[in-house]
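Q: no sequence on this one, just coordinates:
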DNA sequence: GTGTTTGTTATCAA
DNA sequence: CTTGATAACAAACA
């Protein structure tokens, strides 16, 4: 599940690889995730000049002025590879992973392939086909940037004064609050649980009932949890890989997500799992209040 | 065959 | 109008 740290890891990786390279071909292998006609038409002989991100959404600025929007949703991957030599087709189509940290592409989940003039390629893989690629105008992209997303963590605009105001007259559970992209951009199920653990607050409490100090803790934890995960290049549960096909290193630093039945590292109680806001919700019954 | 996994949105209710 | 809750989507795995 790529969330802000994972998507930002990919953005930074690809920024070093694909900028200003001439795109010679855009192949769409699955109509559900993108329009072949649209992508081929706009991208051929074009190039990416800048890679932007808002929450979990990527926008690749094109030399021609438009943008390629990319959303990875749950199982999307963007993997860049230098020119591939095809030796044994069996190996390529056999499985996805060569080793625990490298990914073989193309594979059966490859939905779109971009080829650059130097022979290198960018693969868009998506097992569940929830993700998409789409061309939009600059105006459309700017409207999405402004209207579809709330404050952006890890930027100057992410200030406590601003964060605090969002809590006013809301009745939702903290979990739903943190998952709402229109409030705070980029938080998904893993980091929502981790942020609540960090703040020692139970995820199903209503935001209206929080004290100022608790809101402050949620604010500080949103920052620290996301920053630390980004530093570790994201969490790989099953599908996430960075821009060159390698796994993230943050999995073993998670405190509650995926640790049901294990001991809390802070107080020793057993981590529990329940459901809130329609999502699996992990927490420590000992030190979260 | 059933239940579970999640990012986002459509839909419905209040 | 807004807010909140829920189902639905897709595919794999236990």
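A: It's in. In this text the structure is predicted, and so the values were computed from the model without any measurement. Residues are numbered from 1 along each chain as shown, chains lettered A, B, ... in the order given.

Q: can you pull out the strands in chain A?
A: A:23-28, A:48-54, A:57-62, A:67-71, A:76-81, A:97-99, A:102-103, A:110-116, A:121-126, A:132-136, A:272-276, A:279-283 (DSSP state E).

Q: between the fifth one and strand A:57-62, how many degrees?
A: With axes from the mean of the first three to the mean of the last three Cα atoms, to 10 degrees as the basis, strand A:76-81 and strand A:57-62 are set at 40 degrees to each other.

Q: still on that earlier bit, where among the strands of chain A is average confidence lowest?
A: Note on these: strand A:97-99 shows the lowest mean pLDDT, a mean of 47.

Q: still on that earlier bit, out of the strands of chain A, which comes closest to residue A:8?
A: strand A:48-54 (5.9 Å; Cβ to Cβ). No exception for glycine: its C-beta is placed from N, CA and C like everyone else's.

Q: Return the residues of the stretch 101-250 of chain A in contact with DNA strand C.
A: A:127, A:128, A:129, A:130, A:170, A:171, A:172, A:173, A:176 (Cβ under 7 Å from any atom of the strand).

Q: Surely residue A:163 and residue A:150 touch.
A: No: if you go by Cβ atoms under 8 Å, residue A:163 and residue A:150 don't touch, sitting 9.6 Å apart.

Q: Just the pLDDT at the residue nearest to residue A:271 when sequence neighbours are not counted, thanks.
A: Counting by Cβ to Cβ, 6 or more residues apart in numbering, residue A:271 lies nearest to residue A:259, which is 4.6 Å off, once chain neighbours are set aside. Residue A:259 carries a pLDDT value of 96.

Q: What is the burial count for residue A:259?
A: 19 (other Cβ atoms under 10 Å).

Q: for residue A:26, same thing?
A: Counted with other Cβ under 10 Å, residues neighbouring residue A:26 total 22.

Q: Next one: it from residue A:121, what distance?
A: 11 Å (Cβ to Cβ, to the nearest Å).

Q: Same question for residue A:230.
A: 26 Å.

Q: for residue A:45, same thing?
A: Plainly put, residue A:45 is 16 Å away from residue A:121 if you go by Cβ to Cβ.

Q: who's more crowded, those two?
A: residue A:121 (21 against 12).

Q: Just give me the neighbour total for the residue of the stretch 1-150 of chain A found nearest DNA strand B.
A: Of all residues in the stretch 1-150 of chain A, residue A:1 sits closest to DNA strand B, at 3.4 Å by Cβ to the nearest atom of the strand. The number of residues packed near residue A:1 is 20, by other Cβ under 10 Å.
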